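**Student:** Sequence and computational prediction follow.
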Amino acid sequence: MKRVITYGTYDILHYGHINLLRRAKELGDYLLVALSSDEFNKGKHKTSLLNYENRKAVVESIRYVDMVIPEENWEQKIEDIKKYNIDIFVMGDDWEGKFDFLKEYCEVIYLPRTPDISTTQIKNDINEKK
Ligand code: C2G
């Protein structure tokens, strides 16, 4: 039973997110998503349109996702890997190298981001169409 974890905000879900989650699940048998809390998003200088409860309900409904836990700080990753017996940590390659310190605890894989799609772009498009 290979257990995979990934982290993110997952606001205004799009196929870039789905591509990431699908590939992450394909690397193992069980996928845990640590979903950024609204508070933590502030720390990432991100404001999500959808609040945590809303984003959690959406991500939990994705067929590739087995469990959603809150991401509340930058320091929890090592603890999460131990607590949930994680074998593989996955992130999009916009984070390439940033989490290599986790290699001491599990496999670290950065997957190519899906080009030309982002929540920021979607928000901008909506604003332009107003
Ligand atoms: N992603 C992707 N392709 C896109 C957009 C996003 O592969 N076109 C991936 C990102 O690389 C990330 C995941 O989808 O792995 C979630 O993206 P965000 O919600 O933007 O996550 P982020 O704000 O980068 O949070 O501790 C880590 C942070 O919480 C990561």
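**Tutor:** Structure's in. What do you need?

**Student:** got the residues of this protein near the ligand?
**Tutor:** 7-10, 16-17, 20, 36, 44, 46, 71, 91-92, 94, 113-114, 117-118 (Cβ under 6 Å from any ligand atom). Yep, even glycine has a C-beta here, placed from its N, CA and C like the rest.

**Student:** just checking, which of the residues you listed belong to strands?
**Tutor:** 7-8, 36, 71, 91-92 (DSSP state E).

**Student:** any idea which of those residues is the one closest to the ligand?
**Tutor:** Distance to the ligand across those (Cβ to the nearest ligand atom) is lowest for residue 92, with 1.7 Å.

**Student:** Got a ChimeraX select line for the buried ones in the residues of the chain next to the ligand?
**Tutor:** Here is the ChimeraX selection string for the buried members of the residues of the chain next to the ligand, based on 16 or more other Cβ atoms under 10 Å:
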select :7,8,9,10,16,17,20,36,71,91,92,113,114,118
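
**Student:** For the ones in strands among the residues of the chain next to the ligand, which two are the farthest from each other?
**Tutor:** The two members of those with the most space between them (Cβ to Cβ) are 71 and 92, at 14.8 Å.

**Student:** What segments of the protein are strands?
**Tutor:** 3-8, 30-36, 67-71, 88-92, 107-111.

**Student:** Let me have the ones you listed in JSON lines, extended by distance to residue 52.
**Tutor:** Formatted as JSON lines, these follow (distance: least, Cβ to Cβ, whole Å):
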{"stretch": "strand 3-8", "distance to residue 52": "12"}
{"stretch": "strand 30-36", "distance to residue 52": "7"}
{"stretch": "strand 67-71", "distance to residue 52": "7"}
{"stretch": "strand 88-92", "distance to residue 52": "20"}
{"stretch": "strand 107-111", "distance to residue 52": "24"}
